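Student: Predicted coordinates and the sequence they were generated for:
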Amino acid sequence: MADVLIEGERIARIGPGVGAGVADALDGAGKLLLPAFIDGHVHLDKVLIRDELREHDGTLAGAIGAIHERKRRYTVADVRDRARTVIEESVRLGTTRLRSHVDVDTIGGLLPLEGVMAAASDCADIAEVRTIAFPQEGLLRDPGAFALMEAALEAGADVVGGMPHWEEDEASQRDHVRLCFDLAERFDRDLDMHVDETDDGGVRTLEMVADEALRRSFVGRVCAGHVCSLAAAPHDYAERVIEKCARARISIAANPVTNLVLQGRGDRGLVRRGVTRVGEFRTAGVNVLFGQDCVKDGFYPFGRGSMLEVALISAHAAHLTTHEDLAFALRAVTEGPAQAWRLADYGLKAGGRADLQLLAAPSWEEALRLQSPAEKVWFKGRLVAENTVRSELYRGMAG
Ligand SMILES: [Zn+2]
C-alpha cells in the first residue's frame, strides 16, 4: 500500500506515508488506483452516425461506401456535437487522452477535422484529444486528397495518417506510403496509418511501411493500425515483417473490437477473427495497443468509450487469459498507447501527470472481469468524473 501525493497537475511523490497530514486525503483502501486509460485509436468524426446510414454488407468496404452520403451532409456543428458526446462518455469511464483519426478527403474536405478540433477544445478541461489526418478514401484513388492532407497539417492536425492498402495496386500503395512519410518528415509529425485492414494475406503494405521507416531512420515514430491481413499471411512473411517492425520500433494498434465484426465476412464454417498476430508481436517485443476504433458508426454498432470493455473484448479475441496475459491487456490500454504517443509524463510515478482513475475493485483482473466503472476520474489533478453503481438483492422466503 502506498500514498500518492498530488500537487497541481502532477504526482509529486508516491510511497508509504507520503500523504501523512494532507488535509484533503482520499482513502482508497481495497480499491485500485490506475493511470487513466488512453484510447490510442478512435474515429471521433464518425461516431454516433449509425442510425442515419443505410444497411450494408457488414464489410469495411460496405461501411466506407455507406458513410459517403452522410459525410456529404456533415456540418462542423454536427461533427463537433457527436465528438464531444463521445469524449465526455470516455472521460466518465476513465479515459482522459484520445487520439482520433479524422477523415481528410474530397468528400468532407477539412470539415471533419474542424469539428473534431472544436470538440477537443470544448473538452480541454476534461481530456486531451489529438488528431490524425486520415486519408480514408486513399491518396492516389482520391485526387485532391494529398493537398487536403497538407492543409490539414497546416491547420493543426497532430499526426499524419494513411491507408495504403486502400489504393488500387501495389505501386500506388508504395506511393501512398512514400507520400505519408514525406508529409511526416516535412511537418515533423509522427505517423499513424491504417495498415492492411483486410483478410487477404497477399496484401502486404505493413512491410512497405516498415521498410520505409527503416530506410528513413524514422524509428519509434510510426503506429500501424489493424494489420489484419498479417493473420492470414504465411508465417515466413509474418516473421520477417514482425522483426522489421521491432527494429523500426513500430507500434501496432490492434483493434480487435471492430475487426471481430468486420473481417471474416466471406468465410463459412471456420470464420477468421480478423485479429492481427498479437501474441507474436508481443513475443518480439513490439509495442501493442488496443483501441476502441468505432462508436456506433457504419463499421460497428456498439462501443461506449469504455477501454475496460475494449480490453475485455480484446482479451477474448487475442486469447489472453493468464495473469501475465491480463497484465498485458492492461498495458495495451495504458502504457502501450502512451508509448505510441511518445508521452514522457504518463503513469503512476513521481512527476507523472495526475490523470488517474480509482476503480472499485481490488485488482485489475477483477475490474476487467466485473467491468466496474471508475468511481473517480482525475484529469491533470482535478476530479472530472464520478460514477456510482447501486445494486440491491432482495432475499427471503415467499409468504
Ligand atoms: Zn480505424
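Tutor: Ah, there it is. Numbering: from 1, shown residues only.
Student: Quick check: residue 186 is in a helix.
Tutor: Yes - judged by DSSP: H, G, I helix; E, B strand; the rest coil, residue 186 forms part of a helix.
Student: Local confidence estimate at it?
Tutor: Note on residue 186: pLDDT of 98.
Student: name the helices or strands packed onto the helix or strand where residue 259 lies?
Tutor: Residue 259 belongs to helix 256-262 when assigned by DSSP states H and E. Packing partners of helix 256-262 (3 or more Cβ pairs under 8 Å, 6 or more residues apart in numbering; DSSP states H and E): helix 307-317. Bear in mind the C-beta positions are built from the backbone N, C-alpha and C, glycine included.
Student: picking that back up, helix or strand right after the helix holding residue 259?
Tutor: helix 278-283.
Student: Check which residues of that following helix are buried.
Tutor: By 16 or more other Cβ atoms under 10 Å, the buried positions in helix 278-283 come out as 278, 281, 282.
Student: quick check, nearest of these to residue 354?
Tutor: For the buried residues of helix 278-283, the minimum distance to residue 354 (Cβ to Cβ) is 29.3 Å, reached by residue 282.
Student: isn't that closest one right up against residue 328?
Tutor: Yes - here residue 282 reaches residue 328: they are 6.3 Å apart, a contact under Cβ atoms under 8 Å.
Student: what are the phi and psi values for residue 359?
Tutor: Per-residue torsions, residue 359: phi -100, psi 140 (degrees, to the nearest 10).
Student: Could you check how far it is from residue 3?
Tutor: Distance from residue 359 to residue 3, counting by Cβ to Cβ, to the nearest Å: 18 Å.
Student: higher neighbour count, these two?
Tutor: residue 359 (25 against 15; other Cβ atoms under 10 Å).
Student: The more buried one: what's it in contact with?
Tutor: 31, 32, 33, 34, 94, 367, 372, 373, 374, 375 (Cβ atoms under 8 Å, 6 or more residues apart in numbering).
Student: If you tally nearby residues, what's the number for the residue lying closest to residue 105 once chain neighbours are set aside?
Tutor: Excluding the flanking residues, the one nearest residue 105 by Cβ to Cβ, 6 or more residues apart in numbering is residue 137, at 4.0 Å. Residues near residue 137, counting by other Cβ under 10 Å, number 20.
Student: swap in residue 361?
Tutor: Neighbourhood size, residue 361 [other Cβ under 10 Å]: 19.
Student: same question, residue 316
Tutor: That count, for residue 316 with other Cβ under 10 Å as the rule, works out to 14.
Student: Likewise for the one 5 residues further on?
Tutor: Using other Cβ under 10 Å as the criterion, residue 321 is surrounded by 11 other residues.
Student: Of the buried residues of helix 278-283, just say which sits nearest to residue 235.
Tutor: For the buried residues of helix 278-283, the nearest to residue 235 is residue 281 (13.8 Å; Cβ to Cβ).
Student: Next one: that closest one from residue 288, what distance?
Tutor: According to Cβ to Cβ, residue 281 and residue 288 sit 5 Å apart.
Student: picking that back up, what residues are shared contacts of residue 282 and residue 328?
Tutor: residue 288.
Student: What segments of the stretch 201-350 of the chain are helices?
Tutor: 205-215, 229-232, 235-247, 256-262, 278-283, 307-317, 323-331, 335-340 (DSSP state H, counting those that start in this stretch).
Student: Take those helices and lay them out in CSV including mean pLDDT.
Tutor: Formatted as CSV, those follow (pLDDT from 0 to 100):
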stretch, mean pLDDT
helix 205-215, 98
helix 229-232, 95
helix 235-247, 98
helix 256-262, 96
helix 278-283, 98
helix 307-317, 98
helix 323-331, 98
helix 335-340, 98
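Student: Pull the residues that contact the lowest-mean-pLDDT helix or strand in the chain.
Tutor: In the chain, no helix or strand scores lower on mean pLDDT, DSSP states H and E than helix 60-72, which sits at a mean of 92. Identification of contacts with helix 60-72 by Cβ under 8 Å, 6+ apart yields 46, 49, 52-56, 103, 107-108, 112, 136-137, 197-198, 262-263, 297-299.
Student: so the residue nearest to residue 105 sits right up against residue 106, yeah?
Tutor: Yes - between residue 137 and residue 106 there is a contact under Cβ under 8 Å: 7.1 Å.
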